[in-house]
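>>> when you get a sec, could you give me coordinates for this:
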Amino acid sequence: MDKPKPKKAVRRKGRAVTIAEVASLAGVSPMTVSRVMNNQGKVRDSTRERVLQAVRELDYTPNLAAASLAAAQHTRIALIYTNPSGAYLRELLVGLLRIASRNAIQLVIDYWEGLDPEGERAAARSLARKVEGVILPPPLCESPTAVGELTRAGVPLVAISSGRFTDEISCVRIDDFRAAKEITEHLLAQGHTRIGFIRGRPDLSASARRFEGFQAALHEAGVPFEARLVQQGDYTYRSGLKATEKLLAQRRPPTAIFASNDDMGAAAISVAHRRGLDVPRDLSVVGFDDTSAATTVWPELSTVHQPIASMANTAVDVLLRSIRRRDRSTRVLVDHVVPHRLVVRGSVAPLPQAK
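Alright, predicted model coming up:
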C-alpha cells in the first residue's frame, strides 16, 4: 500500500508557520505533530517521517515558550488544607502561588475539614484522578489514611512542616526540637524560670517536638518542670485564649508564656491586656512560626521564624522532580530541613529582681 503523500507546501509570507499548517500539510492532527516534536507518545514511523518532512518544507520552528507553558499547564498540583491557622495558610499560599505562577503550574486547593477516615479515602481517590502531585501541610501530612490512599494511587507527595521524617513521604521542615529549645533558652536568659507552655495539636509530631525542646531547655538549665504550667491548645486563637486564662488564674502564675504558634501567642497577649497586665513588664510572651499574627499585636511577638513561603517553594520543586522522573517504579524520598531563626521583638523583657 502506497504511503500518503504530503500535500504541497503553502507558505504565507510575513508571519510564523503554525502547528496547524504543519498538521494540514502532513495530513495528521496538531496533537500528532506535538507528539513528534516533543518525542512523546506512540507515533508510527511512517507518520513521524511525514510530520518531519512537513516541518522541513515549511521551515517550522516550535514556540518553545508556548510549548513549555502548555506542558506546565498539564501539571496539576493539589494543596489539601485543614489547618485552623489563617495566618499559616496565608504564608503557605503566598509561597505556592508565587512558584505556581513562575512555572505555570495549575494549583488545586482541596479543603477536607471534618472528613472522617472513610471520607478522606473517598476524597483521596477522587483527587488522585485529577492531579499529578499533592502537597500536605499539617495536620494531613501525618494522616495515615490520606498518605496511604494517595501513595497507593501512585501520586507523589510532599509534607510541609511535619515534625519528623518517615519512609512514607518526602518532607520539607525545620528542626522543631532545636527551635523550641532555643526560644526557651532566650526566656531563661532573661531570668524567667516559671514559664507557661501552650501545646499545639496533640496528633501532630511537630507539637510533640516543640514540647520536647521546651523541656530539654529547662532540664539543661536545672529548672524543675511543672506540669501545672502546661496547657493544651490546638493552634487556634480561641484555644490560646482559654489556655492563657487557665495559666494566669493560678495562685502562682507564670512570668512568661511560650505559645506553640503565633495565633496562640497573640491570644496570650490579648488575655494579659484584658487582665491589666503589661506585656512584657508583667508577662513575657513568645510564639512560633513568625506569621503575620506575630506583627499584628502590640507589642509585636518574639517568635521562631519558620520560612513557610520558601518551604512551599522547596516543596513544589521536590514534587516536580518526582513527577518528572521517568522511572516511577521506585520512590525517591527527600528530607529537606530548612534553617530557622529566633526573631526578638518587644514581647519579652528581663524578669524584674523584685519578682
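
>>> Ile169 contacts Val158, doesn't it?
Yes: under the criterion of Cβ atoms under 8 Å, Ile169 makes contact with Val158 at 7.0 Å. The C-beta positions use only the backbone N, C-alpha and C, and glycine is treated the same way.

>>> quickly list what's touching both of those two.
With contacts taken as Cβ atoms under 8 Å, 6 or more residues apart in numbering, Ile169 and Val158 have Leu136 as neighbours in common.

>>> so those two - more neighbours on which side?
Taking other Cβ atoms under 10 Å, Ile169 and Val158 do not tie; Val158 has more neighbours (29 against 23).

>>> thought that one was touching Ser170?
Yes: using Cβ under 8 Å, Val158 is in contact with Ser170, at 4.7 Å.

>>> what sits in contact with each of the two?
When Cβ under 8 Å, 6+ apart defines a contact, the residues bordering Val158 and Ser170 alike are Val318, Leu319, Ser322, Val334.

>>> for the stretch 251-355 of the chain, which segments count as helices?
262-274, 308-323 (DSSP state H, counting those that start in this stretch).

>>> if you could redo that for the chain, that was the one I meant.
For the chain, helices defined by DSSP state H occupy the ranges 19-26, 30-38, 45-58, 64-73, 86-103, 117-128, 144-152, 176-189, 205-221, 237-248, 262-274, 308-323.

>>> report the buried residues of the shortest one.
Neighbour counts over helix 19-26 (16 or more other Cβ atoms under 10 Å) mark Ile19, Glu21, Val22, Ala23, Ser24, Leu25, Ala26 as buried.

>>> wait, which of those is closest to Val230?
Ile19 (64.9 Å; Cβ to Cβ).

>>> quick one: closest of the helices of the chain to Thr295.
Ranking the helices of the chain by their distance to Thr295 (criterion: Cβ to Cβ) puts helix 262-274 first, at 8.9 Å.

>>> quick check: angle from that closest one to helix 237-248?
Interaxial angle, helix 262-274 versus helix 237-248 (axes from the mean of the first three to the mean of the last three Cα atoms, to 10 degrees): 50 degrees.

>>> ok, back up a step: any chance of the helices of the chain in CSV, with distance to Thr296 too?
Formatted as CSV, the helices of the chain follow (distance: least, Cβ to Cβ, whole Å):
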stretch, distance to Thr296
helix 19-26, 51
helix 30-38, 48
helix 45-58, 58
helix 64-73, 35
helix 86-103, 8
helix 117-128, 33
helix 144-152, 32
helix 176-189, 20
helix 205-221, 22
helix 237-248, 11
helix 262-274, 7
helix 308-323, 16
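
>>> pick the most deeply packed of those.
Most buried of those by mean neighbour count (mean count of other Cβ atoms under 10 Å) is helix 262-274; its value is a mean of 24.

>>> check which helices and strands that one sits against.
In this structure, helix 262-274 makes packing contacts with helix 86-103, helix 237-248, strand 256-259, strand 284-286, judged by 3 or more Cβ pairs under 8 Å, 6 or more residues apart in numbering; DSSP states H and E.

>>> rerun at 6 Å
Under the contact criterion of 3 or more Cβ pairs under 6 Å, 6 or more residues apart in numbering; DSSP states H and E, the helices and strands touching helix 262-274 comprise helix 237-248, strand 256-259, strand 284-286.

>>> alpha carbons of it, as PDB, please.
Extracted as PDB, the C-alpha positions of helix 262-274 are listed here (Å, rounded to 0.1, in the frame of the first residue of the first chain):
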ATOM      1  CA  ASP A 262       1.800  32.800  66.800                       C
ATOM      2  CA  ASP A 263      -2.000  32.700  66.800                       C
ATOM      3  CA  MET A 264      -2.000  31.300  70.400                       C
ATOM      4  CA  GLY A 265       0.800  33.800  71.300                       C
ATOM      5  CA  ALA A 266      -1.300  36.700  70.100                       C
ATOM      6  CA  ALA A 267      -4.200  35.300  72.200                       C
ATOM      7  CA  ALA A 268      -1.900  35.200  75.300                       C
ATOM      8  CA  ILE A 269      -1.100  38.900  74.800                       C
ATOM      9  CA  SER A 270      -4.800  39.700  74.500                       C
ATOM     10  CA  VAL A 271      -5.700  37.900  77.700                       C
ATOM     11  CA  ALA A 272      -2.800  39.700  79.600                       C
ATOM     12  CA  HIS A 273      -4.100  43.100  78.500                       C
ATOM     13  CA  ARG A 274      -7.600  42.200  79.500                       C
END
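
>>> for the record, mean pLDDT for it?
Mean pLDDT, helix 262-274: 97.

>>> do the same with stretch 224-231
In this model, stretch 224-231 has an average pLDDT of 97.
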